[in-house]
Structures are given as structure tokens and as C-alpha cells.
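Participant: Provided below for reference: sequence and predicted model.
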Amino acid sequence: MVQFTLPKNSKVKKGKAWNPPAQGAPAARYREYRVYRFDPDAGDNPRLDTYWVDMEDCGPMVLDALIWIKNNVDPTLTFRRSCREGVCGSCSMNIAGTNTLACTMHADDARGAIAVYPLPHLPVIKDLVPDMTGFYAQLRAIEPWLKTDSPTPQKEWRQSKEDRDKLDGLYECILCACCSTACPSYWWNGDRYLGPAILLQADRWIEDSRDERTGERLDELDDPFRLYRCHTILNCTKACPKGLNPAAAIASLKRKLVERGE
Amino acid sequence: MGKAKLGAERPLSPHLQIYRPMLTMMMSIAHRLSGVANAVGFILLAWWLVAIASGPEAYAQVSRFFAGIPGRVLLFLFSWALIHHMLGGIRHLIWDTGSGLDKTSIEVFAWLTIIGSTVLTVLVWVAGYTIMGGR
């Protein structure tokens, strides 16, 4: 349901300033970061802590800054990260007001103090680590694997070059959830609306010439909530750190359902 | 350990409070708001129609209201909402065909809707005043 404000236990309190630079220190050298903190063991509300990152000692990306803070200022700062090059999708978070990957976001692309929050409208486990259980359950629900009835060939399932090309722009998704958690429709109806990331995955299997359960897959989506909560707000397409277009994938699904019905 | 919060007790991460407003999402909310404004505008229209049916006195009263400044401002806003919602609807029709969803087009469509609706509304009013002889 639509709830514009945060529940009482989720309101973000003023936090602590960890390492303000000394008086007279060159201001350009220190980059200010305001980071969402939540300690599940403390029983307090989340808070926004401020850190100053020494840019002469730190790499250019936002993830570099978070790692620098963890190494030099506050070892309790908790976040997910792995590949540090935009392929694993672990370090997705809300940076400077938009969802993206901390590892591919250049700090210079944001102006002023950089605000870092977990992905929006999810239960928070700790600091920048949200609970993505619902998101993964929805992925499982669309059965994202090749489903066939024909006998399995001796070697691989063949596909023409043209049919393979249809998967471009779909197969590259790394399931970072930047798009889904940028979508207001997913915020208000995330329990029933599948959201852009999962719908793009659904389209990826429906587009695949080797898959033989296209009709069944479309049946599963033909639902006022699962698919049709998309109102083309387009936050998904604006957010995707891989440059994919979930809104276009959803439009393509809606179109396939209309064409099938004729 | 032991005191760790589970499930429902976990805080909800901020959403509307922190997401940077962008033109495309503002156009989505403007489409909804203009839809609501249209509903209000149609109450004005219904009021006018009922007045016609009710006789000359009721009609004179309503006419006096719409001839005044508040009435004209309301009608101007109604016509703007109507035209904005119509252009927004056309934009959504194009998107439903699967076209115009690339990152450049969505920005162009947003600006076309804003500029188009404003220009068309002003034109409608200029045309209206010209036909009415500037009253």
C-alpha cells in the first residue's frame, strides 16, 4: 500500500561526525560522505553519520571511499561488495539520490556532500545491507531457466544469430535491483508487483527462441499486479547502471500479451 | 548478538524522502494530478449543465461566476489540465506500441508535453477571447 512516510522505527536520526578535518586543512582535499547507519544490536533508529574522505589517499569511485572509511575511520561500517567492476551487482545502493553501483559511480559525478543510503524501501539488516529475500523469491517465481519439451539434443540447443541478437539488452542484467527499488510502483506494491528487474528477466526467457514454454510464461504474467502495476514512470531505465532498458522490456511484454489475445 | 532485530522489526530504508526528483518521474505524477484536476473540472462542467436545465436565474448565477476572475482562473487551469492530460495520454499510447522508450526520447517527450500543453492552452484562450471579441 501507498505510505509516503517512514514507519516510526525507520525515521533517520542525526548521526555522528566521525573525523572532521582540522581547522585550516585544504577543503578540496576532503570529500564529505553522509552515510546511513543502522545497528541491529543497538535497538536505536537508523542515523546519518558524516565522514570526510582524504581524496589524496583514496581511489576515485564511491566504493573506494566506503572501503577507505572502513579501513581508516570506522571498521563497523557494513556494505556488500565483491567484484569492484560492475559485474557482480553486490554494491548497489542509493548514492546522491539515485540507485547505482558504488563501484562504477565516480565521486566527481556528484556535487557536494555525497549521501549514501541502502536501496530504497527494503527492510534493512545492517547499515547499507538490505534484505533482498522478496526480490529473490520473485525471481524464482518466474522460473528463470530454459524450459523445453523437445528431447534434449546431443550437443547444445541451437540458436540462429538473429535469435541470439534478440537477447542483447536482456541477458546483461546482473540482478543488482537498482531498477526495481527505484520504482514507486514497486515501493507501494512490491509484494504483488514483480518489478522491472524480474520482468526484464521474464522477457529474457520469453524472447529466447530455444524456450518452449512462452505461452505458459505469458499466462503467469497476465495479472493486474504482477505486470500491470507498471505505469511507465521510467525510474528503472534512468537508474540501470548497466544501461539496460527495463521499461522497454515491460512494454514488449505488454505488447506480446495484446498480440496474443487478438 | 541475541538482540538482533528480525523481520518486521527491521527498519524500512528511506524512499521518497531521498530519491532525487527527475523530470520523467515528475511527468508521471503530473499526469496523475492533471487527471484528478480533470475530475474536479468536470464538476464545474456538470454545475454549468445543471444550471442550464434549471432555468434562467440559475444560469445567470453560474454565468456571473465564470465571468469573474476566480471563475476564469479555474477554467484556465481546467483547460490546461485537460490538454496536459491529453498529450500525456498520447505519450503513453506511443509507449504502449513499444516505441519512444530510449533515454533520449523520454526526455524529449517530457519537454514536448510541458511546452505543448502550455502553448496549446494559451492558443485556445487567445482564440476564445478573439471569437468573443475580447470580453
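Facilitator: Okay, I see it. Residues are numbered from 1 along each chain as shown, chains lettered A, B, ... in the order given.
Participant: so which helix or strand takes in B:Phe78?
Facilitator: helix B:69-96 (DSSP states H and E).
Participant: Could you do A:Arg255 as well?
Facilitator: Going by DSSP H and E, A:Arg255 is part of helix A:246-261.
Participant: Point out the residues in the stretch 51-200 of chain A that sit beside chain B.
Facilitator: Within the stretch 51-200 of chain A, the positions near chain B by CB under 8 Å from any CB of the partner chain are A:94, A:96-98, A:115, A:117-125, A:130-131, A:182, A:184, A:187. Heads up, the C-betas are built off the backbone N, CA and C, glycines and all.
Participant: go with 6 Å
Facilitator: The stretch 51-200 of chain A comes close to chain B at residues A:97-98, A:117-118, A:120-124, A:130, A:187, as judged by CB under 6 Å from any CB of the partner chain.
Participant: for the residues you listed, which one is nearest chain B?
Facilitator: Nearest to chain B out of those is A:Gly97 (CB to the nearest CB; 2.9 Å).
Participant: Pretty sure that closest one sits against B:Gln17.
Facilitator: No: using CB atoms under 6 Å, A:Gly97 is not in contact with B:Gln17; the gap is 10.3 Å.
Participant: hmm, back to that, residues of the helix holding B:Phe78 that come out buried?
Facilitator: Across helix B:69-96, burial judged by 16 or more other CB atoms under 10 Å in any protein chain shown covers B:74-75, B:78-88, B:91, B:95.
Participant: touching chain A at all, that helix?
Facilitator: Yes: Helix B:69-96 is in contact with chain A by CB under 6 Å from any CB, via B:Trp95.
Participant: Distance from that helix to the middle of the chain?
Facilitator: 5 Å (CA atoms, centre = their mean, to the nearest Å).
Participant: Tell me which other helices or strands that helix touches.
Facilitator: Packing partners of helix B:69-96 (3 or more CB pairs under 6 Å, 6 or more residues apart in numbering or on different chains; DSSP states H and E): helix B:23-54, helix B:103-131.
Participant: tell me the mean pLDDT for that helix?
Facilitator: The pLDDT scores in helix B:69-96 average 97.
Participant: Let me know the secondary structure of A:Gly15.
Facilitator: Secondary structure, DSSP: H, G, I helix; E, B strand; the rest coil: A:Gly15 is strand.
Participant: which ones are touching the most centrally placed residue in chain B?
Facilitator: Central residue of chain B (CA atoms, centre = their mean): B:Ser34, 1.8 Å from the mean position. The contact partners of B:Ser34, taken as CB atoms under 6 Å, 6 or more residues apart in numbering or on different chains, are B:81, B:84-85.
Participant: Check those residues against A:Cys103 and report the nearest one.
Facilitator: Checking the contacts of B:Ser34 against A:Cys103 with CB to CB, the nearest one is B:His84 at 40.5 Å.
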